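Peer 1: Predicted coordinates and the sequence they were generated for:
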Amino acid sequence: MRIGILQCGQSPAQLKDDLGDYPDMFVRLLDGRGFEFRNWHVEKMEFPDSVHDADGWLLTGSRHGAYEDHDFIAPLEDFIRRAYSDGVPMVGICFGHQIIAQALGGKVAKYSGGWAVGAQDYDFGGRPVTLNAWHQDQVVTVPQDAQVAGRNAFCENAALIYGDRAYTVQAHPEFADAFIQGLMDTRAKGVVPQDVLDQAAQRMGQATGAQFVADKIEAFFKQPRKLAKGAA
């Protein structure tokens, strides 16, 4: 199965050599599950020619806000709506979670409650799952077609499912502790409150449910679907 990675941001330059860029992390997360990957760096305005250039799409995180005025936002939203209309499945993580919701009629905003950094505990349909997070923005209004699939007290809309067309998660199953620490060292100064960083540091090394989410992503992409409109 061909998965197109729509790269919406990039790892800090200081971390790329040792820890990789965002597409590398997803390839590692989903390794051994029968997927082939190709990357389009949409943040740099590199877009597929068609929503049918892959069997499914994975939208990465980004340091940008979905509501901000960047050149790639509007064409990415158009791409999301076309893929959704044609039934080409999409998975969105963090910014990907947010931009899919925004493109489909939801609302994303900077959360007044502040930041989630490092290990966070979520309820996925009654199952407790710990995942690494790095965000202040949240989906505050859920699109009409979406149902909440994961939440916690800090983030009510932490995972959304849009039938068989999209599955999105606010947290970062692809982020290892080393990458969270790297972000704390390179992007947090003067941005993330120290008490939030201290709490994240205290939880470093705890087991996460990254493979639980990887299983969910695999099952979502591989579930039987009717032939998408326009597909060969």
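Peer 2: Right, received. Where do you want to start?
Peer 1: any weak-confidence spans in the chain?
Peer 2: Flagging of the chain using pLDDT under 70 yields the residue ranges 227-232.
Peer 1: Where do the helices of it begin and end?
Peer 2: With helices called from DSSP state H, the chain shows them at 13-19, 22-29, 73-86, 95-103, 177-186, 194-202, 210-222.
Peer 1: quick one, which of these is packed in tightest?
Peer 2: Among those, helix 95-103 has the highest mean neighbour count (mean count of other C-beta atoms under 10 Å), at a mean of 28. Every residue, glycine included, has its C-beta placed from N, CA and C.
Peer 1: Render the CA-only coordinates of that helix in PDB, please.
Peer 2: Taking Å, rounded to 0.1, in the frame of the first residue of the first chain, the C-alpha atoms of helix 95-103 are listed here in PDB:
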ATOM      1  CA  PHE A  95      -0.800  19.900  12.900                       C
ATOM      2  CA  GLY A  96      -2.100  17.200  10.500                       C
ATOM      3  CA  HIS A  97      -4.900  16.600  13.000                       C
ATOM      4  CA  GLN A  98      -5.700  20.300  13.200                       C
ATOM      5  CA  ILE A  99      -5.500  21.200   9.500                       C
ATOM      6  CA  ILE A 100      -7.800  18.300   8.500                       C
ATOM      7  CA  ALA A 101     -10.300  19.500  11.000                       C
ATOM      8  CA  GLN A 102     -10.000  23.100   9.900                       C
ATOM      9  CA  ALA A 103     -10.300  22.100   6.200                       C
END
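Peer 1: Show me what it is packed up against.
Peer 2: strand 56-59, helix 73-86, strand 90-93, strand 107-110, strand 137-141, strand 159-162, strand 166-169 (3 or more C-beta pairs under 8 Å, 6 or more residues apart in numbering; DSSP states H and E).
Peer 1: mind checking how far the residue nearest to the spatial centre of the chain is from Asp71?
Peer 2: By C-alpha atoms, centre = their mean, the mean C-alpha position of the chain lies nearest to Ile93, the distance being 0.6 Å. Note on Ile93: its distance to Asp71, by C-beta to C-beta, to the nearest Å, is 22 Å.
Peer 1: One more: His172?
Peer 2: Plainly put, His172 is 25 Å away from Asp71 if you go by C-beta to C-beta.
Peer 1: Please identify which of the two sits among more neighbours.
Peer 2: His172 (26 against 11; other C-beta atoms under 10 Å).
Peer 1: State the number of residues packed around the closest residue to the more buried one other than its chain neighbours.
Peer 2: Spatial nearest neighbour of His172, excluding adjacent residues (C-beta to C-beta, 6 or more residues apart in numbering): Asn132 at 5.1 Å. The local packing of Asn132 (other C-beta under 10 Å) involves 26 other residues.
Peer 1: No more questions from me, cheers.
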